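# Need coordinates for the below:
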Amino acid sequence: MSQIISPPIVPEATLRPLFVDLDGTLVKSDTLIDSLILLAREHPALLFALPGQLLRGRASLKAFVTSHVSLDVAHLPYNRKLLQFLHEECARGRAIYLATGADLHLAQSVAAHLGLFAGVLGSDSGVNLTGAKKLDRLRSQLNDGAYDYIGNDVPDLPLLVHATETMVADPSLRLRLRLRMRGIRPARTFDERGFPLFSILKAIRPLQWAKNLLVLLPLLLAHIFTIHRLSTALLAFCCFSLVASSAYVVNDLLDIEVDRRNLQKRLRPFAAGDLSAFTGVAIVVLFLLLAFFGARLLPVAFSGWLLLYLATTLAYSWSLKRIAIVDVLVLSGLYTLRLLAGSAATQTHISHWLAGFSVFLFLSLAIAKRFAEMQNHRSSGLAPRNGRGYLVADIEQLRSFGTASAFAAVVIFAIYINSSDEFMLYRHSQLLWLIMPLMILWLCRVWLLASRGELNEDPLVFALTDRMSLLIGVAIAAVTVLAI
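Numbers count the residues shown, from 1 in each chain. Sure thing, here's the model as predicted:
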């Protein structure tokens, strides 16, 4: 049986001190931006004070923000490869220092959480400790002695150039080029960010665009299949998808702090630090410009519905989603709004049956999403921390709300089959009764799996990935075609 021999402890005096940057290096995100987002969520009125603080300097701005909000340093997106290296160096007896332009109080909180650093250098209300100022402070601490440094962007360049050993973590393209121009090759590189294009695709959630197919439904149910109407409906679908993706990005930016505490949502690109907030803002601006440029080619009424959708989703992301019951009513209303927008874009009539059916069906699915979240919390024994306004004790009440709403949708569909409206659209309307058991099967299955804790927190993702759901969908489509 072999014995593992630990490496000898090297005396601290024989090792050069190692200085590590925080933002973008030890942490994949920018803590100032994270703090500003948290400030916008918790104290939006204080945003008006930011310009005045910025006029006093970036150091004053950082101190002001840090004094009003506290980031959860335990759940920041740390660079795990770098963190492992720092633990190994600390075990060797090396003196490691956190040297950052972030506010000193925030930097000290990070250092206290990690327990790796022999000291902390950070900005205070008078000095923004970046670039040359950080280098001067570092040299004064070392009496111009040798040191090693780990950074990630151009502001770290003065320190990297004068370091004995240069190391980088998730380096920006600008820094790579500057180092190459100076003939400097980093001794170590700690890359952990995901592929940017993949992260962007993940952030805009193209799978969720399936919800926007509801824009096509009024035209399809009216049995109007002209090329002009279909192309108009597809353009409306694209506009809605771009606006929806913009809303998803805004939601993820506002929820960074909350998402990092969630085992699944902490992997979202902004929460994980794989995409910067500036990239998110650029995506939002670009997508909204494209969406409303395309909407100019459609009837004016469609642009009105699109603006209402955007305003409602932003209000939802900002505050409405934290109000119990109101949140699910808003979600179900957004589904119905898609139908109304599709009706306006294609200038087709939407029946009151379809409107009533959609309200109850989508209310049931929205409640199922909240129910699944609470069920997961109960299974894990953890109290909800997502600020949704629900308690684990609300599970049974949510179940009753959701199942009642599901069967209300089924009843409305049954009444529609017996109405005079469907006789004008379907030659074999009696076949529509075959849809009833299929609909009941799917809805009951959704709630059964939700009760077992086996439902994905988003019923739409479940429907698009579950084989039984897809088969039921194909069967309903086949019955509808045969009934025409």
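# I'd assumed residue 172 was in contact with residue 154.
Yes: the pair residue 154 / residue 172 is scored as a contact, 7.1 Å apart, by Cβ atoms under 8 Å. C-betas here are computed from N, CA, C, even on glycine.
# worst-scoring helix or strand of the protein, pLDDT-wise?
Least confident helix or strand of the chain, by mean pLDDT, DSSP states H and E, is helix 459-465 with a mean of 80.
# List the residues that contact the residue lying closest to residue 222 once chain neighbours are set aside.
Computed as Cβ to Cβ, 6 or more residues apart in numbering, the closest residue to residue 222 that is not its neighbour in sequence is residue 348, at 4.6 Å. Counting by Cβ atoms under 8 Å, 6 or more residues apart in numbering, residue 348 makes contact with 218, 219, 222, 224, 229, 342.
# Next one, pLDDT for the fifth one please.
This means residue 229. pLDDT, residue 229: 87.
# so it is in which element?
Following DSSP states H and E, the helix or strand that holds residue 229 is helix 227-254.
# Number of residues surrounding residue 165?
The burial count assigned to residue 165 is 15, neighbours taken as other Cβ atoms under 10 Å.
# Report the beta-bridge partner residues of it.
With DSSP bridges as the criterion, residue 165 is bridged to residue 148.
# Show me the helices in the stretch 101-250 of the chain, by range?
Counting by DSSP state H, counting those that start in this stretch, one finds helices in the stretch 101-250 of the chain at the ranges 104-114, 131-142, 157-162, 173-181, 196-204, 217-221, 227-254.
# quick one: which of those is nearest residue 442?
helix 217-221 (17.1 Å; Cβ to Cβ).
# for that closest one, packing partners?
When contacts are defined as 3 or more Cβ pairs under 8 Å, 6 or more residues apart in numbering; DSSP states H and E, helix 217-221 packs onto helix 227-254, helix 326-346, helix 352-380.
# Then residue 94 would be within a strand, right?
No: looking at residue 94 with DSSP: H, G, I helix; E, B strand; the rest coil, it is coil, so not inside a strand.
# Kindly provide the distance from residue 300 to residue 115.
From residue 300 over to residue 115 the distance is 61 Å, taken as Cβ to Cβ, to the nearest Å.
# mind checking which helix or strand the residue nearest to residue 445 when sequence neighbours are not counted is in?
With sequence-adjacent residues excluded and distances taken as Cβ to Cβ, 6+ apart, residue 445 is closest to residue 468, at 6.8 Å. If you go by DSSP H and E, residue 468 is part of helix 467-483.
# which residue packs closest to the residue nearest to the spatial centre of the chain, ignoring adjacent ones?
Nearest residue to the geometric centre of the chain (Cα atoms, centre = their mean): residue 252, 3.0 Å. Distances taken as Cβ to Cβ, 6+ apart place residue 270 nearest to residue 252, at 4.8 Å, with adjacent residues excluded.
# and that neighbour, what is it in contact with?
Taking Cβ under 8 Å, 6+ apart, one finds 29, 203, 249, 252, 253, 256, 259, 277, 280 in contact with residue 270.
# Quick check: the farthest pair among those residues?
29 and 249 (15.1 Å).
# same for the helix holding residue 229, what does it pack against?
Counting by 3+ Cβ pairs under 8 Å, 6+ apart, the packing neighbours recorded for helix 227-254 are helix 31-42, helix 196-204, helix 217-221, helix 277-295, helix 300-318, helix 326-346.
# Pull out the buried positions in stretch 230-245.
Neighbour-count burial for stretch 230-245 flags 232-233, 235-245 (criterion: 16 or more other Cβ atoms under 10 Å).
# Check what contacts it and list those residues.
Everything outside stretch 230-245 that qualifies as a contact, by Cβ under 8 Å, 6+ apart, is 204-206, 208-209, 211-213, 215-216, 219, 283, 287-288, 290-292, 294-295, 297-298, 302, 306, 309-310, 313, 338, 341-342, 345-346.
# same check, this time on stretch 47-62
By Cβ under 8 Å, 6+ apart, the list of residues contacting stretch 47-62 reads 32, 36, 39-40, 64-65, 101-103, 123-129.
# Narrow those to those in strands?
Those of the contacts of stretch 47-62 mapping onto strands are 101, 102, 103, 123, per DSSP state E.
# Throw those residues into JSON lines and include distance to residue 331, neighbour count and pLDDT, thanks.
Output for these, formatted as JSON lines (distance: Cβ to Cβ, whole Å; neighbours: other Cβ atoms under 10 Å; pLDDT from 0 to 100):
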{"residue": "101", "distance to residue 331": "41", "neighbour count": "26", "pLDDT": "93"}
{"residue": "102", "distance to residue 331": "37", "neighbour count": "28", "pLDDT": "93"}
{"residue": "103", "distance to residue 331": "38", "neighbour count": "26", "pLDDT": "93"}
{"residue": "123", "distance to residue 331": "42", "neighbour count": "28", "pLDDT": "91"}
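# Tell me the one among the residues you listed nearest to residue 452.
Lowest distance from residue 452 to the ones in strands among the contacts of stretch 47-62 (Cβ to Cβ) belongs to residue 102, with 45.1 Å.
# Quick check: the closest one touching residue 31?
Yes: using Cβ under 8 Å, residue 102 is in contact with residue 31, at 5.1 Å.
# what residues are shared contacts of these two?
Going by Cβ under 8 Å, 6+ apart, residues that sit against residue 102 and also against residue 31 are 22, 23.
# phi, psi of residue 27?
phi -110, psi 130 (degrees, to the nearest 10).
# That one: neighbour count?
Close neighbours of residue 27, defined as other Cβ under 10 Å, add up to 25.
# Need the per-residue pLDDT for it.
Here the pLDDT value assigned to residue 27 is 95.
# Look up the closest residue to it, ignoring the ones flanking it.
The spatial neighbour of residue 27 that comes closest, neighbours along the chain excluded (Cβ to Cβ, 6+ apart), is residue 76 at 4.9 Å.
# ditto for residue 211
Using Cβ to Cβ, 6+ apart, the closest residue to residue 211 is residue 460 (6.2 Å).
# what's the answer for residue 39, then?
Using Cβ to Cβ, 6+ apart, the closest residue to residue 39 is residue 69 (5.0 Å).
# so who does residue 433 touch?
residue 417.
# For residue 273, which three-state class applies?
coil.
# Next, count neighbours for residue 472.
19.
# er, residue 266 actually
If we define neighbours as other Cβ under 10 Å, then residue 266 has 15 of them.
# ditto for residue 156
30.
# where does it land on pLDDT?
pLDDT, residue 156: 94.
# So residue 66 is in contact with residue 108, correct?
No: contact criterion Cβ under 8 Å: residue 66 and residue 108 do not qualify, at 10.4 Å.
# Check which helix or strand residue 412 maps to.
Going by DSSP H and E, residue 412 is part of helix 395-417.
# which other residues reach that helix?
With Cβ under 8 Å, 6+ apart as the test, helix 395-417 has contacts from 351, 353, 356-357, 360-361, 363-364, 367-368, 370-371, 374-375, 378, 390, 422, 429, 432-433, 435-436, 439-440, 443, 446-447, 451.
# Under the pLDDT cut-off, which ranges of the chain? List them.
Residue ranges of the chain with pLDDT under 70: 1-14, 380-388, 419-425, 456-457.
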